[in-house]
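In: model this:
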Amino acid sequence: MALLSTGVESRFSAGSHVEESEPGIAFNGTSLSADYASHISRHDLVYHAPPNAEAAMPMGDGDLGATFWCPNSLHWQVQKSDLWDDPSIANVSPSQTPESAWRLLSAGGVSIKTDPALLQGMHRYEQRLSLYSGNISVMADSPAGSCQVNMFVSATHNVIVINYQDQTLRNTTRSVDIEMWREGAYPFAVGDSVGILQGMRDRRYAMVARVEGRSATARMINSHTARLEIAPGRSCHFTLYIAVATCPKLGDPVSIAKGKLQAAMAQGYEVLLREQKQHWAAFWQKSFIRLQSSVDPMAGYLESLWHLNIYSMACCSRGYDAPLASGGLWLNNKDSRQSPALYKGTDLRAMLAPMLPSNHLELSVPTVDSYFRMLPAVAAHTGQQRGVSGAHFPVRFNRFGHSFSKASEDEPVDTNDGLRSALLIWEAWRYGPDPFFLRERAYPILKAATQSALEERVKLGDAWRGEEDTALAAALRALLWASEEIETDQELRSIWQAGLNTIGVATVYRPECLLPFPELRSADAAARLRGWLMELPQTPQGWFAPDKAEPDLTISGKLCATVCSMLIQQDPLPTLNAINRADFGGMHPTAIKVFPALPSGWDGALSLSTPGGFRVISEAKGGKPLYVAVRSLLGGVCRLINPWSLGSLVRVQHGRQRILETTHSLLEWPTEKGAIYLIESEEFPLSRTVRVRIGGKKNTECKQLGQHTLGLQSRFSMSAPTLQNSVQMRSRLDR
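Out: So this is what the prediction gives:
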């Protein structure tokens, strides 16, 4: 019986589909047995033609990022998460300021140029985004010679690292140009460094570049360009380091940036590359998904989109401020952004939602901290403008928490938008229950938003929108639970309980962003998702960019959350009794449901998170679960919807100890901290299965689904000698 494919490389296209399969179960008693490196490499983004700016590949460490493209020469546009050039909070009223004044600028452009040009008239080109190691590599052959480039944003040093080498038939001149298009930004060339310095409204920033491994001379080209000129030669090998630093108005960002460069260069390229690989390897091992089908190419295509978009969100979600949904850290047209540098609660929730089941709560920190920093200003505005205590977070706001009007008249108004964001942050804590997060972030934010909503409900009376009571009741239950858990605010519990008694809501609250398609079922999931995907304007990078210039990260978040919800969900229990301490975080009791919307023709595997500190592992064949394994990080009661048909005998085991044996539709048992529980059907005991290791074959081509394509098709024909030389260079780069 074929149970789960291993070592599979699928070609996704509208016209053909190839897949091999071997029997086996990958669960080894504690986790999925998987070769993560080969599994993730199946989703590498591959270009066989040089991209223009619209198809630029992204890279980033969460705070510093760049897009890379290369018609004629190598180009990068550099971004940083805190390059704000907007009105000072002390000197301006937001209501009197045009929205266009709120801006997040680019750091500048960088290019490597050669004469003669090695990227003109090419007969071979390959560019790869290696997801497992978080780096981009390029190999190009032309009549003038060959070049190989490996680049990444160092996850440990916050510096862009570009390792460049070429082989040419005659003497070739090479240069590194730093370019700036804005007035008021000043390129400079000093000694062995070039860079850009600019003063903004409340800060200064500098971008500095330096070359190691080759002597270089810095000089100014014009008022917008500084250049590092490299001595001519027939072959060349150097490493380019680029740092961006911000500081207060009177600080010295050039010295800070140079300090970053010196620290990175002291480590050297090889050490930084090794650290980069270790960082991204650890990132990917926090969760796991696998989708495949021998009849539906969308399964593998959807899995690739999930990995690419999780990578993108990781690349822009470790800065000081929450990432902007409009482009994040990736622009390719100077400072052009389709919307002002303002936040919307719905956007932030959409980007945050998939991080919860994917076990990447480290990526929630910028968003959660941004809400926390806004609390004093929002609370002051709430008291002045609304006459209530607490904090009424606006629907649309700047980085200081100042409210702005709707972006369009067609946008619905949600007067409880801030409470929904606070409840999602509370839900993030339930997925990753850290004591500091509870006491210092989740509880204060939820308390402030709930207090405001509760007082407004009393103040508005009959004008209060009744549908908002569901969220308010959930928040009050959570606060009552938490205030006892962390032993605080005893004097407020009677007020919260009275408010909850007045509401009397029996409807279960669910953050809408965790279930973008709430009625998705296995019978219609494939058709509905295909229809949705085909309506979205997808770019070769796997982004969804309606204007083809910058990604819309809210759509990326919705896609990733949808994939997670196909694999695992929280089903509310039918009983609506009073919440007790066994219901973690004060929320309504739910039960884990695995593969709730996996199409019947698809196979799947998952390792994902659920509220209460549970980590769930499961595999499915033909849409049906084979087993479920649950690791309990905290202990407590675990509830699981019976994954098999009613009446079938199900066993819950902890090692050799049988915890539960039942035919009921709901499995419920107490867990021990750190213990792993195996749930299996009597009809399919795992003791009789073959154990295998999940792997895969590195992707080598672009992938297609209907009119959508991941990657770029080749426009060249390649000779055997050229291929052999390039393979040798690939081996050198990989080492």
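In: CA atoms of stretch 341-349 as CSV?
Out: Output of stretch 341-349 as CSV, limited to C-alpha atoms (Å, rounded to 0.1, in the frame of the first residue of the first chain):
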residue,chain,number,x,y,z
ALA,A,341,3.6,54.4,4.8
LEU,A,342,0.6,53.7,6.9
TYR,A,343,-0.7,50.6,8.6
LYS,A,344,-4.1,48.9,8.5
GLY,A,345,-5.1,46.5,11.2
THR,A,346,-6.6,44.1,8.7
ASP,A,347,-3.2,44.0,6.8
LEU,A,348,-1.2,43.4,9.9
ARG,A,349,-3.5,40.6,11.0
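In: nearest residue to Met355 other than its sequence neighbours?
Out: Nearest in space to Met355, with sequence neighbours left out and distances taken as CB to CB, 6 or more residues apart in numbering, is Leu363 at 4.9 Å. C-betas here are computed from N, CA, C, even on glycine.
In: that neighbour reaches Arg318, doesn't it?
Out: Yes - shown here, Leu363 and Arg318 form a contact pair, counting by CB atoms under 8 Å, at 7.0 Å.
In: for whatever helix or strand Ser421 lives in, which residues meet the burial criterion?
Out: Using DSSP states H and E, Ser421 falls within helix 417-431. Across helix 417-431, burial judged by 16 or more other CB atoms under 10 Å covers 417-431.
In: mean confidence score for the helix or strand just after it?
Out: Later in the chain than helix 417-431, the nearest helix or strand by DSSP H and E is helix 435-437. Averaged over helix 435-437, pLDDT sits at 96.
In: same check on stretch 216-227?
Out: pLDDT averaged over stretch 216-227 gives 97.
In: contacts for it next, please.
Out: The contact list for stretch 216-227 (CB atoms under 8 Å, 6 or more residues apart in numbering) reads 175-181, 187-196, 228-230, 238.
In: quick one: buried ones out of those?
Out: 175-180, 187-189, 193-196, 228-230, 238.
In: my read is Val505 is in a helix, agree?
Out: No - counting by DSSP: H, G, I helix; E, B strand; the rest coil, Val505 is not found in a helix; it is coil.
In: residue numbering should commence at 42 henceforth.
Out: Got it, first residue is 42 now, which makes that one Val546.
In: still on that earlier bit, so which elements touch the helix holding Ser462?
Out: Applying 3 or more CB pairs under 8 Å, 6 or more residues apart in numbering; DSSP states H and E, one finds that helix 458-472 contacts helix 386-393, helix 406-427, helix 484-501, helix 510-526.
In: rounded mean pLDDT for the longest one, please.
Out: The reference is to helix 406-427. The pLDDT scores in helix 406-427 average 95.
In: quick one: that helix to helix 386-393, angle?
Out: If you take axes from the mean of the first three to the mean of the last three CA atoms, to 10 degrees, helix 406-427 sits at 160 degrees to helix 386-393.
In: pull out the buried positions in helix 406-427.
Out: Residues 406-409, 411-416, 419-420, 422-423 are the ones in helix 406-427 that count as buried (16+ other CB under 10 Å).
In: setting aside sequence neighbours, what's the nearest residue to the residue sitting furthest away from the middle of the chain?
Out: Largest separation from the mean C-alpha position in the chain: Arg211, at 44.6 Å (CA atoms, centre = their mean). The shortest distance from Arg211 to any non-neighbouring residue, by CB to CB, 6+ apart, is to Arg275 (6.7 Å).
In: about what we covered before: can you list the helices and strands packed on helix 458-472 in TSV and add distance to Ala142?
Out: Converted to TSV, the helices and strands packed on helix 458-472 look like this (distance: least, CB to CB, whole Å):
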stretch	distance to Ala142
helix 386-393	20
helix 406-427	18
helix 484-501	28
helix 510-526	33
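In: fine by me, we can end here.
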